[in-house]
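> Mind looking at a prediction? Sequence and model below.
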Amino acid sequence: MRQILFIISLLISNVMLSQTLERTVIGTSGTTLSNANASLDFTVGELVVATSSNGNNTLTQGFQQEVIVLKIKLAPIVFLQGPLTTSGSTIMDDSLRANSLLPTTSPYSDGLTCDSSVFNITGSNAIIDWVWVTIRDKNDKSLVLGSQSALLQADGDIVDIDGTSVLSFALSSDSYYIAVNHRNHLGIISASAATLNTGSSKTVNLSNSTSSVFGGTNSLVDMGNGIFAMISGDFDENGQIQNTDTNAVIQLLGISGYSKADLDMNGQVQNADINNVLNTNIGKGQQY
Ligand SMILES: [Ca+2]
Ligand SMILES: [Ca+2]
């Protein structure tokens, strides 16, 4: 009986071992020091260690390793109808930035902040506003796996809060849907799941064709210059452009600043926001 119990206990410990992968360190000496607040592990290992990187992959040498989290990288491209209407070109108007109206704190739920110097960049890489980016499951586009506030450049590039870097999310290489939302434009989502990986960054252009997004012509407005832009006019961010949006914007006519009622994003809430933008989109709605 004792032998049988011993064999069973061996089997159980084997099963447990097979389900656990521990990070182990081999060192000539070391210990763990701890008090009520913190714990410190150290080992005495190789005297010479180095970190090598080729830009895509990193190799660290030595016994006790830092935890490395690989992230998928992507460079989405979108255009907004409002500032394209204001500029009348293929580069979005950056009046909000130029007039020091852009906030350094994101208007979206994560409240990310950027350094004010990010708004010193002018030209095609000038920041025109904050956007909200979500990464979604390839089998269920309603399932959000990653999200963050990001910055939109005048030429359509969505970048990280330093104003230049591509976006990264702590997810493994796989296919994902990519959605972009804006505080007074209708959100869009990629027509299909794009392959994103932790090596090189993937450019995902959501504004070069109506077929680039789910919902096609219902999701983007043709600007007539090869650009298909996100639709402006959703003042109350309910995913629909309705008379309720018009009525709310009318109440704010005449003000200036960083306002959701400023649908062409020129820094002023004027009749042009209603006549040239909002009224052309009444009845449209977000497609996902
Ligand atoms: Ca609305
Ligand atoms: Ca305006």
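Ah, there it is. Ligands and ions are numbered 1, 2, ... in the order given.
> what's the nearest residue to S165 if we skip its chain neighbours?
V159 (6.0 Å; CB to CB, 6 or more residues apart in numbering). For glycine as for every other residue, the C-beta is placed from the backbone atoms N, C-alpha and C.
> so the one you found touches S149, yeah?
No: using CB atoms under 8 Å as the test, V159 is too far from S149 to be in contact (11.4 Å).
> Tell me how far Y108 lies from D222.
Distance of Y108 to D222, given as CB to CB, to the nearest Å: 27 Å.
> Could you check which of these two has the larger neighbour count?
Higher neighbour count among Y108 and D222: Y108, with 18 against 12, using other CB atoms under 10 Å.
> quick one, what contacts the residue nearest to S165?
The neighbours of V159, taking CB atoms under 8 Å, 6 or more residues apart in numbering as the test, are 75, 150-153, 165-167.
> ok, which residues in the stretch 151-288 of the chain are in contact with ligand 1?
Residues of the stretch 151-288 of the chain lying close to ligand 1 by CB under 5 Å from the ion are 234, 236, 238, 240, 245.
> and if we set it to 6 Å?
234-236, 238, 240-242, 245 (CB under 6 Å from the ion).
> Filter these down to the ones in helices?
Among those, the residues falling in helices (DSSP state H) are D245.
> N125: neighbouring residues, count only.
Neighbour tally, N125, other CB under 10 Å: 14.
> Is it correct that it is in contact with T164?
Yes: the criterion here is CB under 8 Å, and N125 meets it with T164 at 7.4 Å.
> Check what pLDDT A50 gets.
Here the pLDDT value assigned to A50 is 70.
> What separation do you get for it and S212?
For A50, the distance to S212 equals 44 Å [CB to CB].
> Just want to know which of these two has more residues nearby.
Between A50 and S212, S212 has the larger neighbour count (other CB under 10 Å), namely 20 against 9.
> Now do the phi/psi pair for the nearest residue to K284 once chain neighbours are set aside.
Spatial nearest neighbour of K284, excluding adjacent residues (CB to CB, 6+ apart): I241 at 5.0 Å. Per-residue torsions, I241: phi -110, psi 110 (degrees, to the nearest 10).
> Kindly report the residues of the stretch 101-250 of the chain close to ligand 2.
Counting by CB under 6 Å from the ion, no residue of the stretch 101-250 of the chain is near ligand 2.
> Could you tell me how far stretch 195-208 lies from the centre of the chain?
12 Å (CA atoms, centre = their mean, to the nearest Å).
> got a list of contacts for that stretch?
With contacts defined as CB under 8 Å, 6+ apart, stretch 195-208 is touched by 56-57, 70-79, 135, 156, 166, 171-176, 178, 180, 188, 190, 194, 212-213, 220, 226-230.
> In strands, which of those residues fall?
If you go by DSSP state E, those have 72-77, 135, 174-176, 178, 180, 188, 194, 220, 228-230 in strands.
> Please pick the buried ones from the residues you listed.
Burial by neighbour count, judged by 16 or more other CB atoms under 10 Å, picks out 72-74, 76-77, 135, 176, 178, 180, 188, 194, 220, 228-230 from those.
> Determine which two of these are furthest apart.
I72 and A229 (26.0 Å; CB to CB).
> any idea of the pLDDT on the closest residue to Y177 other than its chain neighbours?
Among residues not flanking Y177 along the chain, R136 sits closest, at 4.0 Å (CB to CB, 6+ apart). Looking at R136, its pLDDT is 98.
> quick one, what contacts R136?
Residues in contact with R136, defined by CB under 8 Å, 6+ apart, are 142-145, 176-179, 189.
> repeat that with 7 Å
Going by CB atoms under 7 Å, 6 or more residues apart in numbering, R136 touches 143-145, 176-177, 179.
> Out of those residues, the closest to T90 would be?
Nearest member of these to T90, counting by CB to CB, is A179, at 23.5 Å.
> now the closest one, nearest residue through space, not along the chain?
Per CB to CB, 6+ apart, closest to A179 is I189, 4.0 Å.
> what number of residues lie near that neighbour?
Residues within reach of I189, counting by other CB under 10 Å, total 22.
> That one and L220 touch, don't they?
No: using CB atoms under 7 Å, I189 is not in contact with L220, being 11.5 Å away.
> which neighbours do those two share?
Contacts common to I189 and L220, judged by CB under 7 Å, 6+ apart, are V213.
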